[in-house]
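Colleague: Predicted model and sequence below, questions to follow.
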Amino acid sequence: MMFAFEHSDIHSCQSWGESVLESVSSRRPTAALCALQVVAVLFIVFASARAFSQDTPDYYRQNCMNCHTVGGGRLTGPDLKDVGKRREAEWLINFLQNPKAVIESGDAYAVKMVEESRGVVMPIAPGMTRYRAEQLLKLLEAESALEKSQFEGIKISSKPFTEQDRRAGYEYFVGQKRLTNGGASCISCHGMHDISALGGGRLGPDLTRVYERLKGRTSLSAWLMAPATETMQPIFKSHPLEAEEIHVLAAYFEAGAAHSEAEPSVSRITFLLIGLAISAAVIFGFDVIWKGRLHSVRRALVEASSQRRRQ
Ligand code: HEC
Ligand code: HEC
């Protein structure tokens, strides 16, 4: 169908309702175009309303989910189911805006929470405002009322780790096995104790001791479900790790905790030694070639002179 766009001026849309009806009966292009515009406008309004209501869950998923569940038990932080019944809204809004300040004020409830969280102090989430905090609390209230919240988490497997798991974790780490959702293999940015000194990437930290650093299986697994740091988040938000991949990586990291890190200084020494070995080889090589050259020159001279003597 073709429309004459010069007809699409605002005035022709004033009685759009009638026009729509008319367009149905008479199929006048102007009226049809008005209807189309109205539909487009409504679509944009609905889409942005939807985006707006989606915003808080997305924000929660990115900034809160790796430390908290709603009804799934404690991770690094407490289970947030019914948190609104434990504390008053005003206290929670304050806490969300600056956890450290509330803890340092000596607030007994907050201090006890920190103890129960093994000393981890909740960070201030990026872009946190009073309004954001209110929206999050509303979301938590609604999610707490559900039989099963979408943030119950993350089924973290409790199967014991096997040798096979550790092996599979290693294979994902070094990229011998591809991650299902296309995430980059860990070795491009991370070192590990059993990766040769020059092998692992240097952009991220060595992960040999990460199992301890992130406080064991549950919180390490939760961390990997939704990495929330600057470099990790953008990569793994669109290419999340699968539960099975997290399980075997955790097995591999758990085994790593018994080793010491591939020290960067060790790799520097290795580098130096390799450098020295190469220079030695080069010098030795030249020496051999040079000697060979002298020999052949000398041999030629000797032969020449003995020939002369024979003559
Ligand atoms: C790095 C882990 C971490 C992240 C990320 C995190 N929290 Fe926390 N949260 C904690 C810890 C730990 C505590 C317990 C207090 C403490 O030790 O600081 C806590 C406490 C809380 C409490 C009080 C719980 C109670 O039982 O009274 C609320 C509410 C809360 N967090 C909400 C959030 C929200 C919402 C986000 C996302 C914007 C978030 N947290 C992000 C670790 C985290
Ligand atoms: C493009 C580089 C890159 C890739 C690929 C990458 N990481 Fe990271 N990772 C980082 C950086 C950089 C950090 C430090 C925090 C930050 O900036 O995100 C980090 C931090 C971490 C941490 C937290 C370490 C700590 O001590 O707190 C873990 C765990 C981790 N990465 C696991 C992995 C795993 C598992 C993979 C592979 C599935 C992986 N990373 C792939 C760059 C990467």
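Modeller: Here it is on my side, so go on. Ligands and ions are numbered 1, 2, ... in the order given.
Colleague: how many neighbours does the closest residue to Asn63 other than its chain neighbours have?
Modeller: Leaving aside its sequence neighbours, Asn63 sits nearest to Ala125 (C-beta to C-beta, 6 or more residues apart in numbering; 4.3 Å). Every C-beta, even on glycine, is put in place using the N, C-alpha and C of the backbone. Using other C-beta atoms under 10 Å, Ala125 has 18 other residues around it.
Colleague: what secondary structure does Ala125 sit in?
Modeller: Applying DSSP: H, G, I helix; E, B strand; the rest coil to Ala125 yields a three-state assignment of coil.
Colleague: quick one: contacts for it?
Modeller: Tyr59, Asn63, Cys64, Leu96, Arg132 (C-beta atoms under 8 Å, 6 or more residues apart in numbering).
Colleague: restrict those residues to contacts with ligand 2.
Modeller: Filtering these for proximity to ligand 2 by C-beta under 6 Å from any ligand atom leaves nothing.
Colleague: related to what we said a few turns ago, state the distance from the residue nearest to Asn63 to Lys112.
Modeller: Note on Ala125: its distance to Lys112, by C-beta to C-beta, to the nearest Å, is 22 Å.
Colleague: Around Asp194, count how many other residues there are.
Modeller: Residues near Asp194, counting by other C-beta under 10 Å: 16.
Colleague: Look up the pLDDT of it for me, please.
Modeller: Looking at Asp194, its pLDDT reads 88.
Colleague: cool, the one 10 residues further on as well?
Modeller: The pLDDT attached to Gly204 in the predicted structure is 93.
Colleague: I'd assumed Cys189 was in contact with it.
Modeller: Yes - assessed by C-beta atoms under 8 Å, Gly204 is found in contact with Cys189 at 4.0 Å.
Colleague: Next, show the common contact partners of those two.
Modeller: Jointly contacting Gly204 and Cys189 under the rule C-beta under 8 Å, 6+ apart are Thr231.
Colleague: can you count the residues close to the spatially closest residue to Val83 that is not a sequence neighbour?
Modeller: Nearest non-adjacent residue to Val83, counting by C-beta to C-beta, 6+ apart: Leu140, 5.9 Å away. Leu140 sits with 23 neighbouring residues when counted by other C-beta under 10 Å.
Colleague: ditto for Gln97
Modeller: Gln97, neighbours per other C-beta under 10 Å, totals 16.
Colleague: got it, and Gly216?
Modeller: Gly216 has 14 nearby residues by other C-beta under 10 Å.
Colleague: Against Gln97, how distant is it?
Modeller: 29 Å.
Colleague: same check, this time on Pro126
Modeller: 12 Å.
Colleague: Then Gly153?
Modeller: For Gly153, the distance to Gln97 - C-beta to C-beta - is 24 Å.
Colleague: picking up where we left off before, please tell me how far the residue nearest to Asn63 sits from ligand 1.
Modeller: Distance, Ala125 to ligand 1, by C-beta to the nearest ligand atom, to the nearest Å: 4 Å.
Colleague: ok, now Glu134?
Modeller: Applying C-beta to the nearest ligand atom, the value for Glu134 to ligand 1 is 11 Å.
Colleague: If I follow the layout properly, Asp79 ends up in contact with Arg86?
Modeller: No - at 10.5 Å, Asp79 does not count as touching Arg86 under the criterion of C-beta under 8 Å.
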